[in-house]
Each structure stands twice: as C-alpha cells, then as structure tokens.
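got a predicted structure here, sequence first:
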Amino acid sequence: MAGPVTLEIEPSWIWGTLEEATDEKGFALGGNVGVYFGRTPLRGWWVKGHVAFETFEASLTSPDGRLTVSERITSPLLGAMIGSSSIWGPDHARDGGFILTTGVGIGAALADPVELVAANASGTGGNRTEYYDGIGRLRFLGTVSIGAAF
C-alpha cells in the first residue's frame, strides 16, 4: 500500500568541473514528488520522481591557452530515485527526533547534444567536449540528509 506523498524543491549551483581546460558556472532547479510505502510519513521506503532544469555557461580553452569558447548549455532532466528514511528520538513513533534519509537513482538530460571546440591558434590540434551525448546524457541522483522531524 502506498502512503503519504511528499513534494520537494531543491536548488543547486554548478561551479567548476573535473575535466581539464573546461569550466562550468550556473545553476539547476529541481523538484521531487515522492510516495512512502506504509502509513507513516517520513519513515520507511520511498520512491521519488525527479524533474529539474539546469542551465550553465560552459567554457573550453584551447591547449595553447589563446582561445576560449563559451556557450550557454540548458536542459530539462527527468529521473527516479528509491531510498528510505528513519527517525530516532525518545518516542520516535509520535514526537519526532533526528531523521536520516538516503536514496539513489538515475536521471537523463532531454536536450540535444552540444559540442564545444577550441582550436589552437596555429590551426593544428585543439580541445573538444560534448554535452548530452550518449552516456553523458545520464545523471547520478542521490540524497543523504540528516535533520530534525517534529
């Protein structure tokens, strides 16, 4: 039996990247709609649908450092997560206490692929990166949170 429904809004900021010669700056705004299995809200297993929109400025620098190419990258994201929540306290069945929530999932960017190319000034060689292509379209979704419930 499915129990209580939750609605969540989650802003996030995008800064930097692990890829060499690439920089990203922007934000994402997402939301989750969750359903708990059981009759008690904020306790037990849940499934959440995830919807988000990300937008950021991507910059790619050529190997010789003379050319930087920038482009605004945007995409809606859709995904799903599964996880659980637990509450510990003096009388965790009634009065609340500390809450720990964990979950994992996967999402996908829906935008068309975008390619950035920054060539050397000499015209030979360069750097290339592509967003939302193949496996790059997929996003790991996860949550770990601790707080208070009352």
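Good, I have the coordinates.

which parts of this structure are strands?
2-15, 22-37, 44-61, 68-88, 97-109, 114-119, 126-131, 138-149 (DSSP state E).

partners of the second one in the sheet?
Paired neighbours of strand 22-37 in the sheet (DSSP bridges): strand 2-15 (antiparallel), strand 44-61 (antiparallel).

report the angle between the axes of that strand and strand 68-88?
30 degrees (axes from the mean of the first three to the mean of the last three Cα atoms, to 10 degrees).

read off the pLDDT value for residue 94.
For residue 94, the model assigns a pLDDT of 61.

residue 86 too?
Note on residue 86: pLDDT of 89.

residue 146: neighbouring residues, count only.
9 (other Cβ atoms under 10 Å). (C-beta placed from N, C-alpha, C; glycine too.)

make that residue 130, sorry
Residue 130 has 12 neighbours, counted by other Cβ under 10 Å.

that one touches residue 115, doesn't it?
Yes. Counting by Cβ atoms under 8 Å, residue 130 touches residue 115, with 4.7 Å between them.

surely residue 61 meets residue 21?
Yes. Residue 61 lies in contact with residue 21 (Cβ under 8 Å); the separation is 4.6 Å.

want to throw the strands paired with strand 22-37 into TSV with mean neighbour count and distance to residue 101?
Formatted as TSV, the strands paired with strand 22-37 follow (neighbours: other Cβ atoms under 10 Å; distance: least, Cβ to Cβ, whole Å):
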stretch	mean neighbour count	distance to residue 101
strand 2-15	12	10
strand 44-61	18	8
